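Enquirer: Sequence plus predicted model, see below.
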Amino acid sequence: MRLKINPDNPQLRLVRHVVDCLKQGGVVIYPTDTTYGLGCDIFNRKGVRKIYQIKQRDPRKPFSFICSDLAEVASYAQVSNFAFRILKRHLPGPYTFVLEAAKTVPDALTTRQKTVGIRIPDNGVSRMIVQELGHPLVTTSANISGQNAIQDPEVIDERMERMVDMVVDGGVSMGVESSVISLIDDRIEVLREGAGDLSWID
């Protein structure tokens with residue numbers, strides 16, 4: 001089903017409907033500030049496995065996840081003073097920051113090096129979903145691996161509605177994936193250039 005939520009003033013009643021779906025192990029497609037995301041509750045193993053199947057993605061490549069704020073990031077990653085200053089300056093925003101994982105993160109979402117990718121998108125719908133859920137949400141672009149991201153939620157619904165439990169329509173997206181930036185060992189390394197200004201990186 002496709003559920004339309006106002007991107008500027010998300011209706012709490014509708015957001016809670018999405019959260020109920022997630023709590024029951026559902027997989028949903030939802031808006032972010034870059035592409036539409038495909039996600040589930042990070043603690044639902046069945047949902048995570050289903051997303052790997054939908055994406056046709058190598059299970060050795062973990063997904064990133066969305067946090068609602070910096071306090072939540074600190075519960076799931078090791079955030080040094082150096083990293084905190086960067087996160088505070090650039091989040092919410094179209095960036096995925098790679099940090100050392102905390103023990104709270106499920107193994108399926110960490111790399112062999114025990115790192116994680118974390119986002120706080122500048123999008124009220126996705127952040128409210130995470131707030132109401134009470135913990136992070138898996139995020140990966142709503143498309144098959146190797147294919148272009150789809151911007152229009154109507155097209156996403158047509159192509160993917162049978163694969164997921166719900167499509168959250170928050171309007172047309174940017175359609176450009178986030179920039180991925182590693183902050184491991186207090187060193188800045190751009191792993192993927194995408195949305196967002198990178199001129200602040202020397």
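Expert: Sure, I can see it. Numbers count the residues shown, from 1 in each chain.

Enquirer: Who does the most centrally placed residue in the chain form a beta bridge with?
Expert: By CA atoms, centre = their mean, the mean C-alpha position of the chain lies nearest to T139, the distance being 2.9 Å. Beta-bridge partners of T139, counted by DSSP bridges, are S64.

Enquirer: List the contacts of it.
Expert: Under the criterion of CB atoms under 8 Å, 6 or more residues apart in numbering, the contact list for T139 reads T32, G37, L38, G39, F63, S64, F65, I66, R119. In this view, the C-beta of every residue, glycine as well, is placed from N, C-alpha and C.

Enquirer: Equivalent analysis for I66, please.
Expert: By CB under 8 Å, 6+ apart, the residues touching I66 are 32, 37, 39, 118-121, 126-127, 130, 136-137, 139.

Enquirer: for N81, same thing?
Expert: Remark: with contacts taken as CB under 8 Å, 6+ apart, N81 is in contact with nothing.

Enquirer: Also S75?
Expert: A102, T104.

Enquirer: my hunch is that it is in a strand, does that hold up?
Expert: No. Counting by DSSP: H, G, I helix; E, B strand; the rest coil, S75 is not found in a strand; it is helix.

Enquirer: P31 reaches D8, doesn't it?
Expert: No. Checked against CB atoms under 8 Å, the pair P31 and D8 is beyond contact range at 11.6 Å.

Enquirer: ok, those two, which is more surrounded?
Expert: Between P31 and D8, counting by other CB atoms under 10 Å, P31 is the more crowded of the two (27 against 8).

Enquirer: No further queries at this time; thank you.
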